[in-house]
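In: Let me see the structure of the following:
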Amino acid sequence: MADMESIRFPQAPDYEPTVDVPLVTAEMRAMLKILYEGNMYDLGLHVLDRAEDRYRRSTTGELRELASMKQLVEDNAAAKTWVEIIHSMPKELVRAIVLKTTAAQAGLDKHDAAYLRRDIYHRDGPGTYVAVIAVINRKGRWLTGTELRRLIERLERYLEAEQSYRALPRGANGAVTEPTTQEAIELGEYVARIDGHYAKARYPKPMFIENDEQKRVKVERLIAALRRFLCGARDDVPLAQAPDYVGCSRTLVADSTENHMTRTGWHADKRNHTYWLVLSCMKDMGLVPEVVTTRAAMTWMEGQLHLSETLVTMLAGSLVEQLGYNITQPGSTRDAKGQDWRQRVLAVTHYRWYLQNNVEQSLADIRQRAADLEHVESINVSQIHLDVAERLRELDDDIRRDAAEAMAILADCQQDRKRIDQEIERSRAHLARLRRITALGERLAQTLTDYFEAEASTSRGSGRDQEASNE
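Out: Next up, the predicted model:
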């Protein structure tokens, strides 16, 4: 199995996926770039824009209306509180939440620069947390590509068993009858085995879905999310990235995170059936699940809790429709009465400096932008316009002069072409005359040659006749 002592993270500026962190969506990349290039105020506004978009979509029927989203859109004070909360979170924690690597970073050596401390916040209290399922003895890492494929197969078989259960006939009292076919019996035994790991099995009923269409849909969406992780996963490399569950606590985060530990088991009141179904399937694969929880955002004023849960859910993308286990929309939990907020304020402003440091960075960036805007406003745009117009006129004059010169050169070229054409014609005529004269000369020379040869032949014949008469 691959080395698990360090994590190969996607790097700025492009944040390309790695073998350890194989899934970087467009939204994750956008938030990571803001963290790298901008500040927490920019990130808060970016996530707020996403919240407003979800609310607008809810009003058109695409998503259910979310009370927390509506408040963010319509209440300026709520939006201000949202920005305050994100400034109280350390950047390295936000980056881990966005990348879904909180568990694996918590499992690194304490001297590793990416190590995520357990005491990142001062003491426990009300706030929001992230729960991640890992595998024991893997330093917070999750499944390999091969194991993830097996997990998906088990989830799909669970859905198949649920469909088989729904098809079973009902008796006179409406109760489901026992399965009779071999396939239905095997599927009933399968769900009983899966359910029995952390829930109370009731053969042949799938307890994590219970003949509920909405619960079935949530499992289908979970499988779709897991397939996205599988696309870049290596068969032999445990992922440092994993789906997560975001929850919140009105009192102590530790008390709420205890509900997600395997030792507590599952019952219908816990609602988060997708989370426990994955735990059960992993246990059925022969693995020992380990739940790693991280305090994501601690609250220090009344009215922050539901906003912090919504904020972390959107940073993590933890809904099953995205890449997590959450089946319900965030923002329904309100603060407990009688909180000692003074201690919480001290925890955020005195014992930890994230809020102050992040606010100072945001203010410095905003002041620089304001100075840049003042510089832009101080620029005499009218004079620039006049200067540009004058330069354009000069360029136009230059172009016109160049065009006139070019036309003159073209006219000269055309005259030269005519003269050359005339010279060529004269040369051709002269050449034709020369050829005719040459032909005449050749014919005359041939005639003379023929004449002299005839004369010579006649002379030779006369000489022979004279010699014969003398004899």
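In: Sketch out the strands for the stretch 101-250 of the chain, chain order is fine.
Out: Secondary structure of the stretch 101-250 of the chain (DSSP state E, counting those that start in this stretch): strands located at 127-135, 244-249.
In: Distance to Thr349, mean neighbour count and mean pLDDT for those strands - can I get that in TSV?
Out: Placement of C-beta: from N, CA and C, glycine included. What follows is the strands of the stretch 101-250 of the chain, written out as TSV (distance: least, Cβ to Cβ, whole Å; neighbours: other Cβ atoms under 10 Å; pLDDT from 0 to 100):
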stretch	distance to Thr349	mean neighbour count	mean pLDDT
strand 127-135	15	26	96
strand 244-249	21	26	95
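In: so which of those gets nearest Gln361?
Out: Taking Cβ to Cβ as the measure, these were each checked against Gln361, and strand 127-135 came out nearest at 22.5 Å.
In: Now do that closest one against strand 244-249, angle only.
Out: Here strand 127-135 runs at an angle of 140 degrees relative to strand 244-249 (axes from the mean of the first three to the mean of the last three Cα atoms, to 10 degrees).
In: and strand 127-135, how far out from the chain's middle?
Out: Counting by Cα atoms, centre = their mean, to the nearest Å, strand 127-135 is centred 23 Å from the centre of its parent chain.
In: partners of it, with directions?
Out: Pairing partners of strand 127-135, with direction, according to DSSP bridges: strand 244-249 (antiparallel), strand 289-298 (antiparallel).
In: still on that earlier bit, of the strands of the stretch 101-250 of the chain, which is nearest Val320?
Out: With Cβ to Cβ as the measure, strand 244-249 is the member of those nearest Val320 (10.0 Å).
In: contacts for that closest one?
Out: Strand 244-249 is contacted from outside by 97, 100, 102, 126-132, 255-257, 260, 272, 275, 296, 305-306, 308-309, 312-313, 316, 318, 324-326, 330, 333, using Cβ atoms under 8 Å, 6 or more residues apart in numbering.
In: Poorly predicted segments of the protein, please.
Out: Counting by pLDDT under 70, the low-confidence segments of the chain come to 1-3, 55, 57-73, 377, 380-381, 460-471.
In: Where is the longest helix in it?
Out: Using DSSP state H to define each element, the chain has its longest helix at helix 381-470.
In: list the helices and strands that one packs on?
Out: Applying 3 or more Cβ pairs under 8 Å, 6 or more residues apart in numbering; DSSP states H and E, one finds that helix 381-470 makes contact with no other helix or strand.
In: Can you turn the buried part of the contacts of strand 244-249 into a ChimeraX selection?
Out: A single ChimeraX command selects the buried members of the contacts of strand 244-249 (16 or more other Cβ atoms under 10 Å):
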select :97,100,102,126,127,128,129,130,131,132,256,257,260,272,275,296,305,306,308,309,312,313,316,318,324,325,326,330,333
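In: where along the stretch 101-250 of the chain do the helices fall?
Out: Along the stretch 101-250 of the chain, the stretches classed as helices by DSSP state H, counting those that start in this stretch are 102-106, 145-166, 182-196, 213-232.
In: Out of the ones you listed, which gets nearest to Ala175?
Out: Checked against Cβ to Cβ, the stretch from those lying closest is helix 145-166, at 12.5 Å.
In: If we go by neighbour counts, what in that closest one is buried?
Out: Judged by neighbour count using 16+ other Cβ under 10 Å, the buried positions of helix 145-166 are 145, 147-148, 150-152, 154-155, 157-158, 161-162, 164-165.
In: And stretch 383-393, by the same measure?
Out: Along stretch 383-393, no position meets the burial threshold by neighbour count (16+ other Cβ under 10 Å).
In: do stretch 329-348 as well
Out: Of the residues in stretch 329-348, those buried under the neighbour-count criterion (16+ other Cβ under 10 Å) are 329-331, 333, 335, 339, 344, 347-348.
In: how about the buried residues of helix 145-166 in JSON lines, adding distance to Asp235?
Out: Shown next, in JSON lines, are these (distance: Cβ to Cβ, whole Å):
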{"residue": "Gly145", "distance to Asp235": "4"}
{"residue": "Glu147", "distance to Asp235": "9"}
{"residue": "Leu148", "distance to Asp235": "9"}
{"residue": "Arg150", "distance to Asp235": "11"}
{"residue": "Leu151", "distance to Asp235": "13"}
{"residue": "Ile152", "distance to Asp235": "14"}
{"residue": "Arg154", "distance to Asp235": "17"}
{"residue": "Leu155", "distance to Asp235": "19"}
{"residue": "Arg157", "distance to Asp235": "21"}
{"residue": "Tyr158", "distance to Asp235": "23"}
{"residue": "Ala161", "distance to Asp235": "27"}
{"residue": "Glu162", "distance to Asp235": "29"}
{"residue": "Ser164", "distance to Asp235": "31"}
{"residue": "Tyr165", "distance to Asp235": "33"}
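In: Would you mind giving the strands paired with strand 127-135 as a markdown table with distance to Tyr198 added?
Out: A markdown table is the format used below for the strands paired with strand 127-135 (distance: least, Cβ to Cβ, whole Å):
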| stretch | distance to Tyr198 |
| --- | --- |
| strand 244-249 | 15 |
| strand 289-298 | 9 |
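In: Any idea which of those gets closest to Asp42?
Out: strand 289-298 (17.8 Å).
In: who does the next helix or strand after the closest one touch, helix- and strand-wise?
Out: Next helix or strand after strand 289-298 toward the C-terminus (DSSP states H and E): helix 305-316. For helix 305-316, the helices and strands in contact under the criterion 3+ Cβ pairs under 8 Å, 6+ apart are helix 40-59, helix 67-74, helix 76-87, helix 91-99, strand 127-135, strand 244-249, strand 289-298.
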